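>>> just the structure for this:
(one chain, ligands or ions: 1)
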Amino acid sequence: MSDTIFHKIIRREIPADIVYEDEHLIAFRDVAPQAPVHVLFVPKETIPTLDDLQPSQAELAGRLMLAAANHAREQGLAEDGYRVVMNCNADGGQTVFQMHLHLLAGAPLGSFGVRK
Ligand code: 5GP
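Coordinates of the predicted model:
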């Protein structure tokens, strides 16, 4: 069950609005945006959840953060601000089991926490 919809996007088997790609990761717009800007940063290496991340993959995790920050800066979003989120497993709200970072921006973002 390691193959996900994000692997299909990486392999170009299904379309996505890709905004950045390098040898380590890909970034594309979320199909159901929760903010005016909602981009997902996904490692190409299979890592189902943050709970599966290994110390040897620490650099890759940093690359996801830097790619999100660079994208926000390049799009002129950094000064107003943005949020990055990584959901892990069921209570975290994870629905696609290939680790990914959400970048949310473009408007003041609401608070988050326990679903009411
Ligand atoms: P999670 O809930 O796992 O943290 O986030 C998964 C995200 O992937 C959701 O925000 C969802 O809208 C997005 N998503 C699910 N399927 C697709 C797809 O086929 N294409 C794109 N671009 N986003 C998707």
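>>> next one, pLDDT for Met1 please.
Note for Met1: predicted pLDDT of 54.
>>> for Arg115, same thing?
On pLDDT, Arg115 comes in at 71.
>>> ok, it to Ile9 distance?
Between Arg115 and Ile9 the computed distance is 27 Å (Cβ to Cβ, to the nearest Å). Every C-beta, even on glycine, is put in place using the N, C-alpha and C of the backbone.
>>> show me what contacts Ile10?
Ile26, Val42, Lys44 (Cβ atoms under 8 Å, 6 or more residues apart in numbering).
>>> which SSE is the second one in?
Taking DSSP states H and E as the definition, Val42 sits inside strand 37-43.
>>> excluding chain neighbours, what is closest to the most centrally placed residue in the chain?
Nearest residue to the geometric centre of the chain (Cα atoms, centre = their mean): Leu101, 2.6 Å. Leaving aside its sequence neighbours, Leu101 sits nearest to Phe41 (Cβ to Cβ, 6 or more residues apart in numbering; 4.3 Å).
>>> sounds good, over and out.
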